[in-house]
Every structure is written in structure tokens, then in C-alpha cells.
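Trainee: Sequence and predicted model, in that order:
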Amino acid sequence: MRIDVLTLFPEIMQPYLTASILGRAQQAGIVEIHTHQLRDYTKEPHQKVDDRPFGGGPGMVLMCQPVCDAVAAIEALDERTALRILLTPQGRPFNQPTAGRLAQAERLLLICGHYEGFDERIVQLLQPQEISIGDFVMTGGEIGALAVVDGVVRLLPGALGNDEALASESFQAGRLKYAQYTRPREYRGLAVPEVLLSGNHADIEAWRRAQAEQRTRQRRPDLLEQDGGERQCQSDKENRDCRAAAAVPRAAAQQLA
């Protein structure tokens, strides 16, 4: 996969894009990530890329020419067709299914907004997919672009080193991930659940399924509604596990959250 990011601030994106999983994925040849400075494509004096909005109002709006010319030039750098993505609070919410769909593309071109947004003709001419990372407004689209890149790249085969880890992550099956523990076995009076120390893999898997269900019910019931309603435990053993998970003391649950 190739990912291009058009931004006014490539320098603030590079440290994140070259670190951890994203950095290793690039070194392994799983993905190419390139950032591009929008100001390099403007024809205005002093590298100007924005202007005052017609009709008046506060702030500045990104102009058509720099953005459209930049997209054309960047897309010409590779023969693969780029899926254009515009980071905007007016876009559809970015979620795990969207990340999975984008991970199937050969190439992505992310366009970061800034100031008061884009001239509407940019959207009309480029016909990008508009994506938002939440119902809030930020200074620019750079953090949103990083979130999309991170969420997509980790789904690419080989990026995590252990692709099986993806199956149990939050949102992969419409559920949050189960509670996890590591050493020591007891810390400040809180002990690791005995089932995780039992070595019985069937019991551990049942406990984890019950935990995932319980956590989703408590913290994100909307995920259950999206999945057609809350699923019920199907066997007597799963029912017992569900009741056991629900019986965790509230104080301990809060400390472990």
C-alpha cells in the first residue's frame, strides 16, 4: 500500500509516522507513507494557500488551486489509483469497519484541512470520501490523518507481526476487548482472576467472551444495538461465566478499567 498525506505541517507528522508499528511497517516494505507540503503547489505570492470567504465571516478558507493542483501532481507520482480522503468534521465517523475497508485499497491520499475549511468546489471537483474522527473541531486535519493512517496500517498483513492479535481487539467483532492482566499476580489487594492461571484454555476463552460481552454492555451498549441487540450466552457454562463477570466488585472494576 502507498499512503500520501497532503498537509500544511508535514514536519509535525513525521515523528509519529516513523515510530513504532508505522515505522516498522515501512521498513518491512508493507506500506509507503509520503507527506507533501501544500504550499509547494500554490501559484500565489508568498506561498499563500488561503483567502477570506465570500459573504464575509471570520477566518480563512483553503483555495481551490493549491489543493486541486497538489492532488493532481501527487497522484501522478504513482500509477496506482488513489482513494481520496478529506479529513473534515462534516465527514462520516471513522470506525473499525471503515479502517478495514480502507486497508483493502492499494493507495490512499489523505487531504488535511486547516483554518476554516475548504472551498466547497474542492469537494465538488475531487469527489473525496469525507471522514471525521469525532464530533468536535480541531485546528487542522493532521491528527485525524494520523489516526486514519495508524488504524489502517495496523490492519495490513504483517504489520503487527502477529495477525491473530487482530481478532480479539476492540470493535473487531462488535465488542470491546476483555480485561487483561500481567505480573504480579496480586497488586494492592487486587488479584488476577484464577481462571487465567488455570491453564484451561476452554475456560479462559469462555471467560474472555463473557468479559467482552459484559464490558460492552456496561461501556458501549450502542455497539450491541448496532449488532441487532445484545446477544445472550448460549450455554450453561457461558451463563455461569456471565454471572461471574458481573459479580466483580465495583471498586476493583473501576481500578482495573
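Mentor: Alright, I've got the coordinates. Numbering: from 1, shown residues only.

Trainee: hey, which strand is longest across this structure?
Mentor: When the chain is scanned for its longest strand (criterion: DSSP state E), the result is strand 83-93.

Trainee: Please point out which parts of the following helix or strand past it sit buried.
Mentor: Next in sequence after strand 83-93, counting helices and strands by DSSP states H and E, comes helix 96-102. Within helix 96-102, the residues scored as buried using 16 or more other Cβ atoms under 10 Å are 96, 98, 99, 102. Quick note: C-beta positions are derived from backbone N, CA and C, even for glycine.

Trainee: Not including adjacent chain positions, what is the nearest residue to residue 58?
Mentor: If the residues on either side of it in the chain are set aside, residue 58 comes closest to residue 116, at 7.2 Å by Cβ to Cβ, 6 or more residues apart in numbering.

Trainee: tell me the secondary structure for residue 123?
Mentor: Going by DSSP: H, G, I helix; E, B strand; the rest coil, the secondary structure assigned to residue 123 is helix.

Trainee: okay, now it: neighbour count?
Mentor: 17 (other Cβ atoms under 10 Å).

Trainee: Help me confirm that residue 12 comes into contact with residue 140.
Mentor: No. Using Cβ atoms under 8 Å, residue 12 makes no contact with residue 140, being 9.3 Å away.

Trainee: For residue 224, which three-state class applies?
Mentor: helix.

Trainee: how near is it to residue 209?
Mentor: Note on residue 224: its distance to residue 209, by Cβ to Cβ, to the nearest Å, is 14 Å.

Trainee: These two: which has the busier surroundings?
Mentor: Taking other Cβ under 10 Å, residue 224 and residue 209 do not tie; residue 209 has more neighbours (20 against 16).

Trainee: Good, we can wrap up now.
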